[in-house]
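> Have a look; sequence and predicted model below, questions after that.
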Amino acid sequence: MNEQEQKLRDEILSDAKRKAERALTRARRDADKARRQAETDQESEREQGLARAGERAAVQSRAVLATVAQEVRRRRLLAREEIIDRCLDEALTAAEDLPAEDSRRSLGELLAEALAALGPGESTIRVRPADLDFLSSQCLTALGIESAPLTVVADTTIAGGVVAESHDRLRQFDNTYATRRKRLRERLRTLLAGEIEF
């Protein structure tokens with residue numbers, strides 16, 4: 001090989017070597033850039049994943065707190081209902097066991113109220129057997145109850161109070177202690193809604 005061919009060959013090799021080195025440098029630079037981009041993308045994806053997880057955790061936390069608050073309110077309401085029931089049960093027991101004089105006065109007031117609610121006309125009055133003798137015509141007059149003819153009958157299902165019923169049985173007013181307790185319970189629940197705090 002002559003000198004000129006050798007020179008040409010060396011130039012080609014040198015040129016190829018420079019091109020290979022530039023290509024290698026460019027490839028390294030591109031690889032480094034791709035690696036940095038991948039790291040950036042991965043970090044961004046990780047942050048987005050953390051943000052989504054944080055949002056899910058916040059939603060779950062709010063749901064748990066709402067459930068806890070609802071359970072607290074439910075238990076407060078149950079406690080309030082229990083207090084109301086206990087008080088009314090004690091009052092009912094006391095009303096059914098009043099001393100004779102107080103019992104008669106209460107019975108007279110309940111009867112007057114029942115007759116007023118029932119309206120004019122012949123009526124049947126149902127009372128517990130122990131109160132039957134008390135509601136004689138003399139006692140009714142003494143109580144100031146003067147109305148159309150009354151028929152007073154004993155009813156073993158009544159523990160205290162009266163049930164007044166029109167002769168045709170179309171109208172009835174239950175003024176027993178048990179029924180008054182139910183009516184009072186509903187009124188108390190309404191009045192006490194939000195009033196009792198624990």
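Cool, the structure landed.
> mind showing which ranges of the protein have poor pLDDT?
For the chain, applying pLDDT under 70 flags the ranges 1, 136-148, 192-198.
> which one's the longest helix in it?
With DSSP state H setting the assignment, residue counts place helix 3-96 as the longest helix in the chain.
> looking just at contacts, which helices and strands does the helix or strand just after that one meet?
Counting by DSSP states H and E, the next helix or strand C-terminal to helix 3-96 is helix 100-118. The helices and strands touching helix 100-118, judged by 3 or more C-beta pairs under 8 Å, 6 or more residues apart in numbering; DSSP states H and E, are strand 123-127, helix 137-142, strand 161-166, strand 172-176. The way it works is simple: take the backbone N, C-alpha and C, and place the C-beta from them, glycine included.
> closest one to Arg105 among the ones you listed?
helix 137-142 (11.3 Å; C-beta to C-beta).
> Identify whichever of the helices and strands packed on helix 100-118 lies nearest to Glu96.
strand 161-166 (8.8 Å).
> Arg149: neighbour count?
Arg isn't right for residue 149; it's Pro. Number of residues near Pro149 (other C-beta atoms under 10 Å) recorded here: 10.
> With Ile125 as the reference, measure out to it.
Distance from Pro149 to Ile125, counting by C-beta to C-beta, to the nearest Å: 11 Å.
> thinking again about what came up before, got the angle for the longest helix of the chain vs helix 100-118?
110 degrees (axes from the mean of the first three to the mean of the last three C-alpha atoms, to 10 degrees).
> Also compute the angle for helix 3-96 relative to strand 172-176, please.
Using the same axes, to 10 degrees: helix 3-96 against strand 172-176 is 90 degrees.
> that older thread, select, out of the helices and strands packed on helix 100-118, the one closest to Asp32.
For Asp32, the closest of the helices and strands packed on helix 100-118 is strand 172-176, at 92.7 Å, according to C-beta to C-beta.
> Is Gly121 in a helix, a strand, or coil?
Recorded secondary structure, Gly121: coil (DSSP: H, G, I helix; E, B strand; the rest coil).
> my guess is Asp131 meets Leu107, correct?
Yes - with contact defined as C-beta atoms under 8 Å, Asp131 reaches Leu107; the gap is 5.7 Å.
> Show me the domain layout of the chain.
The chain breaks down by automatic domain parsing into domains covering 1-97, 100-192.
> Burial-wise, tell me which of the ones you listed comes out on top.
Among those, ranked by average contacts under mean count of other C-beta atoms under 10 Å, first place goes to domain 100-192 (a mean of 15).
> Please tell me how far that one is from the chain's geometric centre.
With C-alpha atoms, centre = their mean, to the nearest Å as the basis, domain 100-192 stands 37 Å off its chain's centre.
> So which residue is dead centre in this protein?
In the chain, the centroid-proximal residue (C-alpha atoms, centre = their mean) is Arg74; its distance is 5.0 Å.
> What separation do you get for it and Ile84?
Distance of Arg74 to Ile84, given as C-beta to C-beta: 16 Å.
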